[in-house]
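> I'll drop the sequence and a predicted model, then ask my questions.
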Amino acid sequence: MFHGMPHLPSCPVNADVNIPCQRVDISEEIKVLDIFDDKELLKLAIGRQCMEQGKQYKTTRSNKGRFEVVCLVKNCSRMVRARGIQSTTAFQVTKVVDQHTCCATNLESNHRQSKKKVLDHFIAEVLAGDYNRVYQGNEIVRDINSKFPINISYQQTWCAKQYALLMLRGTKEDSFTKLLVYLHNLVKHNLETVTQIRVVDDDRFEFVFIALGCSVRASIKYCRPTLIYDGGHLKGEFKGTMLLVVTMDGQNQIMTVAYAICKSECTETWSWFLRKLRECIGNLEDLTIISDRAPSIATSNANIFPHAYHGICGIHSYFNISAKFGSSDTMHEYLQNINPERWARAHFPGNQYFLMTSNSAESINSMSQFARKMPILMLIEYFRATMEFSET
């Protein structure tokens, strides 16, 4: 289901190069003697200024040793010239005519300099602050057109958004590459955190398990002896499933205990996940477990937590029965064939703590619906950051 997890790359070694002047940020005004790391950064700086001024330029010369642009309007004096610094990729600005002598004020569609690498900086500022934000193309067009005296198209914003997401999140393959290092640091800086990756023979990713130490300690010491199971589908390029276990404290506050990412929900994946969970929390006395009626969960739970009281989610049961029987008289017979100890609170042998559904786990899944579209590393980090925020 998952493509191969790449090997960790070696750290690049960059040779030190003596540059005669300090580099500048692309958001600053371009001045003579400014130095940019390469021609692309110089183009970005010029493109940003063109957007702010509502002007456009055209390139008159571009090679390894020289770069020159002028205003798109004929006979306008606005121009920027730069030369390449020998033995480097850097370019130094040698001439700037900052004033436009043209009088063009009309907004033309598809602004030439509003390319994805220029718009990326503005879109990334919005997306970086809120991972759950669904920034639609029409919203971006409206925001950019209101912020700058330019007119851009929907296609330009769509390309820029995809590029901004790539710069913020990286590629899906890069995310798998960095997973081992991330988990190492997660364990190193979070006391008693447990993680494990399982791969198949050809080094293809299969499972990853994460249980933050703070969550495990809190669930044992301060929460009810209850576990609620659920699974959710990943929505990114690499399809899969996220397995989730949550618990609740005396004030019905929900806390994630552990989670895993795997290829699908089956007896093998649930057994592996619950076995790792038991290694973290041990065999709790009078443990109550709530889940849906998935056979894979029932089988795995019976093998891993044989002494726990296992109840089934009333909401799942209601919808399953309604879809199967409607108002049929055979519904009563069907319910009797299901052990009443699992679905009726009056017959439940343990303490169910008034938990009749797995809605608490469903709530966490709903909260993470946008995170499940992200690369695997950002999905794992989302849950870590959520727990860190909860503690504060």
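Good, I have the coordinates. Residues are numbered from 1 along each chain as shown.
> Heading C-terminal from the host helix or strand of residue 334, find the next helix or strand.
Assignment of secondary structure by DSSP states H and E places residue 334 within helix 330-337. As assigned by DSSP H and E, the chain's next helix or strand after helix 330-337 is helix 340-343.
> what's the offset of that following helix from the middle of its chain?
39 Å (C-alpha atoms, centre = their mean, to the nearest Å).
> Which secondary structure elements does it sit against?
On a contact count with 3 or more C-beta pairs under 8 Å, 6 or more residues apart in numbering; DSSP states H and E, helix 340-343 meets strand 309-312. Using the backbone N, CA and C atoms, a C-beta is placed for each residue, glycine as well.
> Helices of the stretch 101-250 of the chain, residue ranges please.
116-129, 137-147, 154-169, 172-177, 179-189, 213-221 (DSSP state H, counting those that start in this stretch).
> got the phi/psi numbers for residue 102?
Main-chain torsions, residue 102, degrees, to the nearest 10: phi -80, psi 160.
> on that earlier part again, go through the helices of the stretch 101-250 of the chain and name the closest to residue 52.
When those are compared by C-beta to C-beta, helix 137-147 sits nearest residue 52, at 9.2 Å.
> in the closest one, what's buried?
For helix 137-147, burial by neighbour count (16 or more other C-beta atoms under 10 Å) applies to 137, 140, 141, 144.
> which of the residues you listed sit farthest apart?
Maximum pairwise distance among the buried residues of helix 137-147 (C-beta to C-beta): 10.7 Å, between 137 and 144.
> Give me the common contacts of these two.
Residues touching both residue 137 and residue 144 (C-beta atoms under 8 Å, 6 or more residues apart in numbering): residue 157.
> Show me the shaky parts of this structure.
Of all residues in the chain, those with pLDDT under 70 make up the ranges 1-27, 104-110, 113, 129-133, 326-329, 388-392.
> got a list of what residue 386 touches?
Residues near residue 386 by C-beta under 8 Å, 6+ apart: 256, 367.
> Phi first, then psi, for it.
When read as degrees, to the nearest 10, the backbone of residue 386 gives phi -60, psi -40.
> residue farthest from the centroid of this protein?
residue 75 (48.8 Å; C-alpha atoms, centre = their mean).
> any idea how far that residue lies from residue 60?
Residue 75 sits 14 Å away from residue 60, going by C-beta to C-beta, to the nearest Å.
> next one: residue 150
Distance, residue 150 to residue 60, using C-beta to C-beta: 22 Å.
> These two: who's more crowded?
Legend: neighbour count by other C-beta atoms under 10 Å for residue 150 and residue 60, higher for residue 150 (22 against 12).
> Residue 247 contacts residue 220, doesn't it?
No - in this structure, residue 247 is not within contact of residue 220 by C-beta atoms under 8 Å, at 9.5 Å.
> could the helices of the stretch 101-250 of the chain go into CSV alongside distance to residue 236?
Formatted as CSV, those follow (distance: least, C-beta to C-beta, whole Å):
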stretch, distance to residue 236
helix 116-129, 16
helix 137-147, 20
helix 154-169, 10
helix 172-177, 7
helix 179-189, 14
helix 213-221, 24
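> Residue 384: which of those helices is closest?
helix 179-189 (6.9 Å).
> Run the chain-centre distance for that closest one.
17 Å.
> What is it packed up against?
Counting contacts by 3+ C-beta pairs under 8 Å, 6+ apart, helix 179-189 packs against strand 194-199, strand 205-211, helix 376-391.
> Highest mean neighbour count out of the ones you listed?
Sort the helices and strands packed on helix 179-189 by mean neighbour count, taking mean count of other C-beta atoms under 10 Å, and strand 205-211 sits at the top with a mean of 22.
> What strands flank that strand, and is each parallel or antiparallel?
With DSSP bridges as the test, strand 205-211 is paired with strand 194-199 (antiparallel), strand 254-262 (antiparallel).
> how far out from the middle of the chain is the last one?
With C-alpha atoms, centre = their mean as the basis, strand 254-262 stands 16 Å off its chain's centre.
> hmm, who's touching that strand?
With contacts defined as C-beta under 8 Å, 6+ apart, strand 254-262 is touched by 206-211, 215-216, 218-219, 223, 227, 234, 240-249, 269, 272-273, 276-277, 280-281, 360, 363-364, 376, 379-380, 383, 386-387, 390.
> just the shortest one next, same as before
By C-beta under 8 Å, 6+ apart, the surrounding residues in contact with strand 194-199 are 5, 179-180, 183, 186-187, 205-211, 213, 216, 272, 276, 279-280.
> at 10 Å instead, please
By C-beta atoms under 10 Å, 6 or more residues apart in numbering, the list of residues contacting strand 194-199 from outside reads 2, 4-5, 176, 179-180, 182-184, 186-187, 205-213, 216, 258, 260-262, 269, 272, 276-277, 279-280, 380.
> And residue 261, how close does it get to residue 304?
19 Å.
> Quick check on those two: which one has the bigger neighbour count.
Using other C-beta under 10 Å as the criterion, residue 261 and residue 304 rank with residue 261 on top: 25 against 18.
> Am I right that residue 96 is in a helix?
No - applying DSSP: H, G, I helix; E, B strand; the rest coil, one finds residue 96 to be strand, outside a helix.
> show me the residues around it that make contact.
29, 30, 31, 32, 33, 34, 78, 79, 80, 81, 82.
> So what pairs up with it in the strands?
Beta bridges link residue 96 to residue 80, judged by DSSP bridges.
> Alpha carbons of the helix holding residue 334, in CSV - could you do that?
Output of helix 330-337 as CSV, limited to C-alpha atoms (Å, rounded to 0.1, in the frame of the first residue of the first chain):
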residue,chain,number,x,y,z
THR,A,330,-36.2,-10.0,13.1
MET,A,331,-34.3,-7.1,14.7
HIS,A,332,-35.1,-8.5,18.2
GLU,A,333,-33.7,-11.9,17.4
TYR,A,334,-30.6,-10.3,15.9
LEU,A,335,-30.0,-8.3,19.1
GLN,A,336,-30.5,-11.4,21.3
ASN,A,337,-27.8,-13.2,19.3
